[in-house]
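In: The sequence isn't on hand, but the structure is:
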């Protein structure tokens, strides 16, 4: 048992607690690369803590989730949750939000911590976790906004966490899988085409780095709040740094998959998972087409799954579908999924959209086997 104090506290508060990966130490990166970024101060002259980036939780404690009435022990709590560790001559802190309920749609928040008879911030693990070299988003030729912090940091407002949870997105998964950050109102940034003229964000935004060949080539900043009326009309939902036509979001992960989904935006990728790439818009550029050809032109199948929010989007999807078929990009065929009008993959439940994709690819394989040529029917999909 690596954190007996946490285990006993969970047992006292919630009853039976299971142990997974017993005595397996977690793996973390100490985020010293953020020390040069001006942090968000919550009080005058308050010292800002440096939080670790935990890449592997190691020993995990499982229990029934108090927020969703779970009876299968689907709530997982990492043994490093809320711990403190001295690294060299400085203290390293582990987030007190290292817990996750695996029941989809559960909106577990910090209220569960209040039931514990101990303070999570005071725990020290009995076995030292493994430290690995820290990743730095600063050692690239991309200018990032000031004040940005990892989406899992304690400095992220609860309203932003609630915004993500309401849409069934887990902040920890967004950080570990996509390195999503948070930028507060007032964070300064500069457009590529400008001569260094600074701009600032007016509202909370999620900063999403975009990789190509494991190098960052740009980023998108997405609104992390709901706007109404005139403010919604005037405020762009996405702000992009870099050339969208030169980027294919999530290509470094998707290239390991044989069958991929081509979607419109980053949230659609988050919903589907590692086998999806985003065009960052409603059009397919020549560069994006060449990237897709290079990665899946010899062996692969594709599913075009763009948003169905307006007639223009449907027409754009048909145009991209025709172009991909004409170019013969996917040897194993290409299909077009028709979503319910007004829907996009990001609005759907993860298990539903993945099951629809699985069935679509099975149907595509049957068509390809029967026809013996690269053609496919349109596949209709409704949530």
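Out: In hand now; what should we look at? Note that this is a predicted model, so its numbers are computed, not measured.
In: domain assignment for this protein?
Out: 1-132, 143-242, 249-380 (automatic domain parsing).
In: Point out the most buried one among these.
Out: When those are scored by mean count of other C-beta atoms under 10 Å, the highest mean neighbour count falls to domain 249-380 (a mean of 18). All C-beta atoms are positioned from the backbone trio N, CA, C, and that covers glycine.
In: Could I get the full set of helices for the protein?
Out: 4-14, 158-166, 171-178, 229-234, 251-254, 266-272, 286-296, 311-327, 350-371 (DSSP state H).
In: Of these, which is nearest residue 244?
Out: Residue 244 lies closest, by C-beta to C-beta, to one member of the helices of the chain: helix 286-296, at 9.0 Å.
In: can you list the weak-confidence ranges in the stretch 151-300 of the chain?
Out: For the stretch 151-300 of the chain, applying pLDDT under 70 flags the ranges 191-197.
In: give me the low-pLDDT residue ranges for the stretch 1-150 of the chain?
Out: 29-51, 87-90, 104-105, 107-141.
In: Can you show me the strands along it?
Out: 18-20, 27-30, 52-56, 60-63, 75-78, 84-87, 90-93, 99-101, 130-132, 149-150 (DSSP state E, counting those that start in this stretch).
In: The fourth one: partners in the sheet, and parallel or antiparallel?
Out: Each strand pairing with strand 60-63, determined using DSSP bridges, is listed with its direction: strand 18-20 (antiparallel), strand 75-78 (antiparallel).
In: Save those as CSV, and put in distance to residue 174 too.
Out: Shown next, in CSV, are the strands paired with strand 60-63 (distance: least, C-beta to C-beta, whole Å):
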stretch, distance to residue 174
strand 18-20, 23
strand 75-78, 17
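In: Can you give me the separation between residue 216 and residue 160?
Out: Note on residue 216: its distance to residue 160, by C-beta to C-beta, to the nearest Å, is 22 Å.
In: okay, the strands of the stretch 1-150 of the chain in TSV with distance to residue 9 next?
Out: Compiled in TSV, the strands of the stretch 1-150 of the chain are given as follows (distance: least, C-beta to C-beta, whole Å):
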stretch	distance to residue 9
strand 18-20	14
strand 27-30	22
strand 52-56	19
strand 60-63	10
strand 75-78	10
strand 84-87	16
strand 90-93	18
strand 99-101	13
strand 130-132	24
strand 149-150	26
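In: how close does the residue lying closest to residue 218 once chain neighbours are set aside sit to residue 261?
Out: Nearest residue to residue 218 in three dimensions, chain neighbours excluded: residue 242, at 2.4 Å (C-beta to C-beta, 6 or more residues apart in numbering). As judged by C-beta to C-beta, residue 242 and residue 261 stand 23 Å apart.
In: wait, what's in contact with the residue most central in space within the chain?
Out: Nearest to the geometric centre of the chain sits residue 174, at 2.5 Å (C-alpha atoms, centre = their mean). By C-beta atoms under 8 Å, 6 or more residues apart in numbering, the residues touching residue 174 are 151, 164, 180, 206, 270.
In: 6 Å instead, please
Out: Each residue near residue 174 by C-beta atoms under 6 Å, 6 or more residues apart in numbering is listed here: 151, 180.
In: Same question for the one 5 residues further on.
Out: Residues touching residue 179, when contacts are defined by C-beta under 6 Å, 6+ apart, comprise residue 209.
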